[in-house]
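In: need a structure here:
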Amino acid sequence: MDTVDRIDGIGDTRRALGAFLRARRSRVAPEQVGLAGGRRRRVRGLRREELAQLAGISVDYYVRLEQGRATQPSPEVLTALARALSLDAVERGHLATLAGSRADATPETQVSPLLQQIVNAMAHCPAFATNHRLDVLAWNRLGAELMGGLADPGRRDHNQARYLFFDPAARLLFPEWEARVTESVGQLRVAAGRYPDDAELTALITELSARSADFRRIWATGEVVMCAAGRKRLRHPVAGLLTLDYETLHVPAAPGQTGLVVHVFGAEESSPEAAALTGLASAPVHQV
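Out: Numbering: from 1, shown residues only. Model prediction:
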């Protein structure tokens, strides 16, 4: 089987919308929307005709959407489908992206000297920056150490998705590994919707699908994720298990480029985690 076919038409804008609708349709239990379930149903989730009825559109039109024979549905249709599928805000945005206009060229991203200066200035907050392909392009000293040794070229892959799926060290660094890889897959799906002609992104997703059953399993769910804020647990070989707060700062794109996302970690003042980060930041380079 062709790997690209197996990952829902990456690079094919007509198929991407249908693949996302199928994945989301399969996760809605009939009972959630007042329909009869039962063991004899042959499909997981809603049938096509059931979703069409809930959205107030014809079955034929919905089938053409899933098959890629109908493109650019109206905002009213998108709203109805999103409501019927109980999509959250991120998923609604992704649906709109797939159904509308998308970037045609392969985008590039550069780290400006000023941005690197800003990241370096966060001396007591681990920080690193990624592009839409999850390539880590900039970091400060503490961020490099906390993320598994970014400053050492031979220590880990600088693509966050490859690192998570293929490097055993990632499972040690992230105790909640399943949640982290699910995030990475969801972010790549959003990027694939925005940049369907990005050959490097397509090659990355194809590689991940070919080499990782976990990636294929998560991708099939249609998960979409946008970087936000929250709390994550990391296990450092010196500092031990750390529970850190994080924020993501979105850097606007320059003309012809994509924006960067700067990930910043921190801890409450006077907490054990804050003391651990201070200790790592002040440690000699050879000890960190």
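In: Tabulate the CA atom coordinates of the helix or strand residue 92 falls within in PDB.
Out: Element membership of residue 92 [criterion: DSSP states H and E] is helix 89-99. Extracted in PDB, the C-alpha atoms of helix 89-99 (Å, rounded to 0.1, in the frame of the first residue of the first chain):
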ATOM      1  CA  ALA A  89     -12.700  26.000  18.300                       C
ATOM      2  CA  VAL A  90      -9.400  24.500  17.000                       C
ATOM      3  CA  GLU A  91     -11.200  21.800  15.000                       C
ATOM      4  CA  ARG A  92     -13.600  24.400  13.500                       C
ATOM      5  CA  GLY A  93     -10.600  26.500  12.400                       C
ATOM      6  CA  HIS A  94      -9.000  23.500  10.800                       C
ATOM      7  CA  LEU A  95     -12.200  22.600   9.000                       C
ATOM      8  CA  ALA A  96     -12.400  26.100   7.600                       C
ATOM      9  CA  THR A  97      -8.800  25.900   6.500                       C
ATOM     10  CA  LEU A  98      -9.300  22.700   4.600                       C
ATOM     11  CA  ALA A  99     -12.400  24.100   2.900                       C
END
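In: Could you pull out the buried residues of stretch 52-61?
Out: Neighbour-count burial for stretch 52-61 flags 52, 53, 54, 55, 57 (criterion: 16 or more other CB atoms under 10 Å). From N, CA and C alone the C-beta is placed, and that goes for glycine too.
In: Pretty sure the third one sits in a strand.
Out: No - Residue 54 sits outside any strand when classified using DSSP: H, G, I helix; E, B strand; the rest coil, being helix.
In: quick one, what contacts it?
Out: In this structure, residue 54 makes contact with 33, 46, 84, judged by CB atoms under 8 Å, 6 or more residues apart in numbering.
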